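[1] need a structure here:
(chains A and B)
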Amino acid sequence: MALRTIGSRRDTLKAGAIGAVALALAPRLAHADAAAVEAEIKKLYGDKKGAEGKVKLDVPQIAENGLVVPINIEIESPMTDKDFVKSVHVWADGNPSPGVLSYTFTPEAGKASASARMRLATTQNIICIAEMSDGKLFTAKSQVKVTIGGCGG
Amino acid sequence: MISRREFLQASAAASAIVTASGLGSLGRLAAQQKLSEADLLKFDPLGTVTLLHVTDIHAQLVPVYFREPSINLGVGEVKGLPPHLTDAEFRAHFKIAAGTAEAHALTSEDFVSLAKNYGRMGGMDRIARVISAIRAERGADKVLLLDGGDTWQGSWTSLQTKGQDMIDVMSALKVDAMVGHWEFTYGAERVQEAVKAMPIAFLGQNVRDNEWQEPVFEGRKVFERGGAKIAVVGQAFPRQPISNPRWMVPKWEFGLREEELQKQVEDARAEGADIVVLLSHNGYDVDRKLVSRVKGIDIALTAHTHDAMPGVVKVGETIIVASGSHGKFVSRLDLDVKDKKLAGFRYKLIPIFSDAITPDPDMKAMVEKIRAPFAKDLDRVIGQTDSFLYRRGNFNGTFDDLICQAMLKERDAEIALSPGFRWGASLLPGDKITFDALANATAMTYPNCYRTEMTGKQIKDMLEDVADNIFHPDPYFQGGGDMVRVGGVGYTIDVSKEIGSRISGLTDLKRNAPLDADRKYVVAGWASVGENVQGPPIWEVVEKYVAGVKNVKLEANDAVKVLGA
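    Predicted coordinates:
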């Protein structure tokens, strides 16, 4: 059976216009992985391990739009001269380049919180590490699902 | 299949069974050929408040046949629990005898032969009659009428009027509040214009402007009925921008928003609400999980997944009501409110058998007036079906088999994809296929039948992704539809596995060979959520195909093998 050549018909789908397969058709990029994120963390903090707690990482379980996924971070801290959050870093372990954001704080900030939007290529983990003024690390991790969607009830 | 005579005997025998189902015992009445309006409406009233719930009507103005699924699998914790029971298992759970009116309304068993006995279900004029009878019995000041959404879409007249036909009908019924899902597929502007103009409260605590996070709709509304204050919190379909085109509501964000919902419930209580009702379009499994986590909801009126359950399910202190779809049922829930608390309730899922219920004359006239300008299209006969055409089922349905065949032929494709929608009425063997009937299975605002190329691997990845939206063990990851229907390809699915390993044995049916991961296949499909999709509307494709074959006769479809259920 001779198939019509795609693109020769006026009503042929425009490239990338079909949401149901657009993601599936995306070129296979070189993705980071958990090991790459761990290497970045090691570069910053050596073998020091982060504890759970203090970091509230707020990301959707499922992205409504992988191109702009909201992320909110809040770190519990009195933010005094003696006890404050020094910095916070966020990585996405399935993006071509895993770094999402890095913020530094001073006690003058009053509150250690940040909001941003990130682009996620695929379903992956978001990893957040906060470094406190005493050098202690706190971490949080959350998976965000990126789905092709369609086919609703 | 059972003959009519056997059916009568079966029903007579079944009448000895004391049914605990919320439908009441209709079997005996049906066997005696006396299924009457009075019996359908019979209810021992309780307390001072009546909630009426209709949902997922999908713009069905006139009575239809609608076959419930024969396969509706649950995974993880909900495996084998309602609503994931079908046919004999469903009947055993709810103590319903085979062949009875309620068995016909609620299962797929012997659908065609029983349909000939019991007739069509639904119709807005019959629903109007039931609602006004209950209002007359209880007093209108005691009755709250709530619509769970998916009301404005699913027919030719709703598509042509952008939902105005249903808005007028539901306004005439004096619906108090509603929530949305397919409503949003008319676009943000149309929804806002309609909401502004109609007397029905359009609630949605979980819809936000994505720039400022401001609420787009009212989150809740308090109603006084029968001396009680009832707060209704609205929950729109949380996955709207994923399951349906995001570009139609580009500035809105959805999601479950549990914390905000909890706050809505607490604020409602603080403002003096005696009863808190969640009017939800989350889907059954999502709501079951949600009410176990959000505290203080007395009643969850669920929707979206089209489950009809003749009894309520209690999760903690919350009652869950599931009222079916396509106008087949009206739920009545009487509440006894004492000391600002729910002291008792009584429930009945009222089946709307259109032959037993007298049409309300005003609504009948309204429906006729709505349909009249479109009569030429609605009445156009495009062919006949020798096969039973239905849609529901997790993996395929004959109506989608027909749609896939039409796409393969008319779009000269090797593989066809039809979305796993749960809406769409059924046609019995021998029925004429009118354009009206075709539109009932296809009418929506992004109908373009595209033609593209996909590799075997892309097809597998797509099937894995869709399967994960149905069979993820965590309900919060479920979208509420069925599997995408595939023409030209067979596969095996293990619903107990994880994403990436559920789908195997993909077969190119025409060549009777494994699907080649690297080869490109020509694929036709419809209802893409992408923008600017090119191609004729799907109803044109199917009409052309049916006009060509004249009599639709489908082979049994065993292309999907299911494991792990």
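
[2] In contact with the residue in the stretch 251-400 of chain B positioned nearest to chain A, which residues are there?
    Closest to chain A within the stretch 251-400 of chain B is B:His304: 5.5 Å, counting by Cβ to the nearest Cβ. Heads up, the C-betas are built off the backbone N, CA and C, glycines and all. With contact taken as Cβ atoms under 8 Å, 6 or more residues apart in numbering or on different chains, B:His304 is in contact with A:153, B:56, B:148-150, B:181, B:237, B:280-284, B:480.

[3] try B:Phe90
    B:Phe90 makes contact with B:82, B:96, B:106-107 under the criterion Cβ under 8 Å, 6+ apart.

[4] And the contacts of B:His304, which is closest to B:Asn72?
    B:Tyr284 (10.0 Å; Cβ to Cβ).

[5] rewinding a little: mind putting the contacts of B:Phe90 in CSV, secondary structure, neighbour count and distance to chain A included?
    Formatted as CSV, these follow (DSSP: H, G, I helix; E, B strand; the rest coil; neighbours: other Cβ atoms under 10 Å in any protein chain shown; distance: Cβ to the nearest Cβ, whole Å):
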residue, secondary structure, neighbour count, distance to chain A
B:Pro82, coil, 21, 17
B:Ile96, coil, 28, 25
B:Leu106, helix, 27, 18
B:Thr107, coil, 25, 19
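
[6] Using TSV, lay out those residues together with pLDDT.
    Below are the contacts of B:Phe90 laid out as TSV (pLDDT from 0 to 100):
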residue	pLDDT
B:Pro82	94
B:Ile96	96
B:Leu106	98
B:Thr107	98
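
[7] As a markdown table, those residues with distance to B:Phe395 would be great.
    Output for those, formatted as a markdown table (distance: Cβ to Cβ, whole Å):
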| residue | distance to B:Phe395 |
| --- | --- |
| B:Pro82 | 20 |
| B:Ile96 | 25 |
| B:Leu106 | 21 |
| B:Thr107 | 18 |
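
[8] how about the host helix or strand of B:Ile382: buried residues?
    According to DSSP states H and E, B:Ile382 maps onto strand B:381-385. By neighbour count with 16 or more other Cβ atoms under 10 Å in any protein chain shown, strand B:381-385 contains the buried residues B:382-385.

[9] What is the neighbour count of the residue of the stretch 51-200 of chain B found nearest chain A?
    Per Cβ to the nearest Cβ, B:His181 is where the stretch 51-200 of chain B lies closest to chain A, at 7.5 Å. Applying other Cβ atoms under 10 Å in any protein chain shown, we find 29 other residues in the vicinity of B:His181.

[10] Report the separation between it and B:Val249.
    As judged by Cβ to Cβ, to the nearest Å, B:His181 and B:Val249 stand 11 Å apart.

[11] can you check B:Trp156 too?
    23 Å.

[12] can you map out the helices along chain A?
    Along chain A, the stretches classed as helices by DSSP state H are A:19-25, A:34-45.

[13] Give me the next element, helix or strand, following the one helix or strand B:Val112 maps to.
    If you go by DSSP H and E, B:Val112 is part of helix B:111-118. Downstream of helix B:111-118, the first helix or strand assigned by DSSP H and E is helix B:124-138.

[14] For the next helix or strand after that next one, name the packing helices and strands.
    Where DSSP H and E defines the elements, the next helix or strand beyond helix B:124-138 is strand B:143-147. Under the contact definition 3 or more Cβ pairs under 8 Å, 6 or more residues apart in numbering or on different chains; DSSP states H and E, strand B:143-147 sits against strand B:49-54, helix B:124-138, strand B:177-178, strand B:220-225, strand B:228-235.

[15] The same query, at a cut-off of 7 Å, please.
    strand B:49-54, helix B:124-138, strand B:220-225 (3 or more Cβ pairs under 7 Å, 6 or more residues apart in numbering or on different chains; DSSP states H and E).

[16] wait, what's in contact with B:Phe207?
    Actually, residue B:207 is Val rather than Phe. B:216-217, B:236, B:252, B:254 (Cβ atoms under 7 Å, 6 or more residues apart in numbering or on different chains).

[17] Contacts only, for the closest residue to it other than its chain neighbours.
    Nearest non-adjacent residue to B:Val207, counting by Cβ to Cβ, 6 or more residues apart in numbering or on different chains: B:Val216, 4.4 Å away. Listed by Cβ under 7 Å, 6+ apart, the contact set of B:Val216 reads B:204, B:207-209, B:252.

[18] Near the residue in chain B positioned nearest to chain A, how many other residues are there?
    As assessed by Cβ to the nearest Cβ, chain A sits closest to B:Ser243 within chain B, at 3.0 Å. Neighbour count of B:Ser243, defined by other Cβ under 10 Å: 25.

[19] Next one, pLDDT for it please.
    On pLDDT, B:Ser243 comes in at 94.

[20] Pretty sure A:Ile148 is one of the things it touches, is it not?
    No. Using Cβ atoms under 7 Å, B:Ser243 is not in contact with A:Ile148, being 10.6 Å away.

[21] Find the centremost residue of chain A, please.
    A:Ala92 (3.9 Å; Cα atoms, centre = their mean).

[22] Quickly list what that residue is bridged to.
    Legend: beta-bridge partners of A:Ala92 under DSSP bridges are A:Ile126.

[23] For chain B, see how far away it is.
    Applying Cβ to the nearest Cβ, to the nearest Å, the value for A:Ala92 to chain B is 18 Å.

[24] Which residues are in contact with that residue?
    Counted by Cβ under 7 Å, 6+ apart, A:Ala92 has contacts A:98, A:100, A:118, A:120, A:124, A:126.

[25] would TSV of those with pLDDT and neighbour count be doable?
    Shown next, in TSV, are the contacts of A:Ala92 (pLDDT from 0 to 100; neighbours: other Cβ atoms under 10 Å in any protein chain shown):
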residue	pLDDT	neighbour count
A:Pro98	92	21
A:Val100	93	20
A:Met118	95	19
A:Leu120	94	22
A:Gln124	95	22
A:Ile126	97	24
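
[26] How about residues contacting the helix or strand harbouring B:Ala375?
    Assigned by DSSP H and E, B:Ala375 belongs to helix B:375-378. For helix B:375-378, the external contacting residues (Cβ under 7 Å, 6+ apart) are B:156, B:371, B:434-436.

[27] Now, the residues you listed that are in strands?
    Among the contacts of helix B:375-378, the residues falling in strands (DSSP state E) are B:Thr434.

[28] Give me the buried entries from the contacts of helix B:375-378.
    Here, 16+ other Cβ under 10 Å leaves B:156, B:371, B:434-436 buried among the contacts of helix B:375-378.

[29] Report the entries of these that also contact chain A.
    Among the buried ones among the contacts of helix B:375-378, none lies close to chain A by the criterion of Cβ under 7 Å from any Cβ of the partner chain.

[30] Reformat those as TSV; add pLDDT.
    Shown next, in TSV, are the buried ones among the contacts of helix B:375-378 (pLDDT from 0 to 100):
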residue	pLDDT
B:Trp156	98
B:Arg371	98
B:Thr434	98
B:Phe435	98
B:Asp436	98
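
[31] quick one: common contacting residues for B:His181 and B:Val249?
    Common neighbours of B:His181 and B:Val249 (Cβ under 7 Å, 6+ apart) are B:Gln240.

[32] Residue ranges in chain A under the pLDDT threshold?
    A:1-30, A:150-153 (pLDDT under 70).

[33] B:Thr107: what's it in contact with?
    Counting by Cβ under 7 Å, 6+ apart, B:Thr107 touches B:68, B:86-87, B:90-91.

[34] which residue ranges form the strands in chain A?
    Using DSSP E, strands in chain A cover A:51-52, A:55-58, A:69-75, A:85-92, A:99-104, A:112-118, A:124-132, A:137-144.

[35] ok, and for the fifth one, which residues are buried?
    Within strand A:99-104, the residues scored as buried using 16+ other Cβ under 10 Å are A:100-101, A:103.
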